[in-house]
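Undergrad: I'd like to go over a predicted model; first the sequence, then the structure.
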Amino acid sequence: MIEAGLFVLGALAAYRVTRLVTTDKIAEPIFEPIRQRLEDRWIRKHTEPGSNEEFDAVESDKWNSKLAFLLSCAWCLGFWVSGVVTVILSMAYGLHYPILTWLAMSTVVGFLGNIDSE
């Protein structure tokens, strides 16, 4: 029964951190410049110097940089945040099935993100 409670608390904590990074306005001044720097770095790396090539995705919600996309995708980031939460809970409380907990927790975080975005 204790593991079920830890799972619920862990999933809610992972969801909150994921939402904070991906969509919350309060953290936007911190994470939006990071995403934009990652995107700018990707563009510099993938265009030749002196080229007039432009990327359509720069002005849209789609990110070319995989790291910038990771920081904007609740399913993607939620997977990794859930992993960190699972490791912390496993070290503190000795979860019996940490891999299953991680996968289940990341699914709950993704579903909560879908519900929240509707």
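TA: Here it is on my side, so go on. Only a predicted model underlies this, so the values are computations on that prediction, with no experimental measurement involved.
Undergrad: which strands and helices sit next to the strand or helix carrying residue 111?
TA: Using DSSP states H and E, residue 111 maps to helix 98-117. For helix 98-117, the elements it packs on are helix 2-22, helix 74-93, judged by 3 or more Cβ pairs under 8 Å, 6 or more residues apart in numbering; DSSP states H and E. The C-beta positions use only the backbone N, C-alpha and C, and glycine is treated the same way.
Undergrad: Can you give me the buried ones in it?
TA: Neighbour counts over helix 98-117 (16 or more other Cβ atoms under 10 Å) mark 101-102, 104-106, 108-110, 112-113 as buried.
Undergrad: which pair in the residues you listed spans the largest distance?
TA: 101 and 113 (18.4 Å; Cβ to Cβ).
Undergrad: and the residue nearest to residue 36 when sequence neighbours are not counted, what pLDDT?
TA: Residue nearest to residue 36 in three dimensions, not counting chain neighbours: residue 68, with 7.6 Å by Cβ to Cβ, 6 or more residues apart in numbering. pLDDT recorded at residue 68 is 81.
Undergrad: Residue 68 and residue 82: what is the separation?
TA: 20 Å (Cβ to Cβ, to the nearest Å).
Undergrad: Among those two, which residue is more densely surrounded?
TA: Here residue 68 and residue 82 are compared on neighbour count by other Cβ atoms under 10 Å; more neighbours surround residue 82, at 27 against 23.
Undergrad: So that one versus residue 112, what's the distance?
TA: Using Cβ to Cβ, residue 82 is found at 11 Å from residue 112.
Undergrad: Please identify every residue contacting each of the two.
TA: Counting by Cβ atoms under 8 Å, 6 or more residues apart in numbering, the common neighbours of residue 82 and residue 112 are residue 11.
Undergrad: Which neighbouring residues are in contact with the spatially most central residue of the chain, exactly?
TA: Most central in the chain under Cα atoms, centre = their mean is residue 77, positioned 1.8 Å from the mean C-alpha point. Residue 77 makes contacts with 18, 21-22, 70-71, as judged by Cβ under 8 Å, 6+ apart.
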